[in-house]
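Peer 1: Quick one: sequence and predicted model below, then my questions.
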Amino acid sequence: MTDKDDLDAELRRLFDDDRLDVRPSADAPARILTGARRARRRRTALTATGGVLSAVVLVGAGLVLGQLRSTHTDTAAPVLQPTVSDTASSAPLTPAPLVP
């Protein structure tokens with residue numbers, strides 16, 4: 001036998017040892033499903049929290065920018081236009097006579 005065959009035989013003997021076998025417990029499927037549910041709930045909670053925080057940031061930024069924008073556009077005095085009822089009730093405008 002060569003060294004390669006000896007090594008192969010030794011590795012086979014080691015890996016065929018019953019002490020290396022992993023046997024699952026009786027409640028392994030239930031524990032796996034419980035862990036999967038917990039991970040799914042965490043992922044859902046993180047996604048929802050991220051969405052709510054994003055919405056709050058966007059609304060807050062919109063309100064702040066809206067207030068900043070409105071302070072710059074409100075600098076002009078409002079122009080009052082006469083309405084139809086105001087002009088109808090007043091006397092017709094005639095030019096004042098010119099005095100030499």
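Peer 2: Yep, it's here.

Peer 1: Please enumerate the helices of this protein.
Peer 2: 3-15, 28-73, 84-89 (DSSP state H).

Peer 1: I'd like to know which of those has the weakest mean confidence.
Peer 2: Mean pLDDT per stretch puts helix 84-89 lowest among the helices of the chain, at a mean of 56.

Peer 1: coming back round to it: can you redo the helices of the chain as a markdown table with mean neighbour count and distance to residue 22?
Peer 2: Yep, even glycine has a C-beta here, placed from its N, CA and C like the rest. Formatted as a markdown table, these follow (neighbours: other Cβ atoms under 10 Å; distance: least, Cβ to Cβ, whole Å):
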| stretch | mean neighbour count | distance to residue 22 |
| --- | --- | --- |
| helix 3-15 | 10 | 13 |
| helix 28-73 | 10 | 11 |
| helix 84-89 | 8 | 92 |
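
Peer 1: Kindly reformat those helices as JSON lines containing distance to residue 99.
Peer 2: Output for these, formatted as JSON lines (distance: least, Cβ to Cβ, whole Å):
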{"stretch": "helix 3-15", "distance to residue 99": "125"}
{"stretch": "helix 28-73", "distance to residue 99": "46"}
{"stretch": "helix 84-89", "distance to residue 99": "28"}
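
Peer 1: Tell me which of those lies nearest to residue 97.
Peer 2: helix 84-89 (22.9 Å; Cβ to Cβ).

Peer 1: Any figure for the gap between residue 47 and residue 12?
Peer 2: Separation of residue 47 from residue 12 (Cβ to Cβ, to the nearest Å) stands at 49 Å.

Peer 1: cool, and residue 24?
Peer 2: If you go by Cβ to Cβ, the gap between residue 24 and residue 12 works out to 25 Å.

Peer 1: Please apply the same query to residue 55.
Peer 2: Distance from residue 55 to residue 12, counting by Cβ to Cβ: 61 Å.
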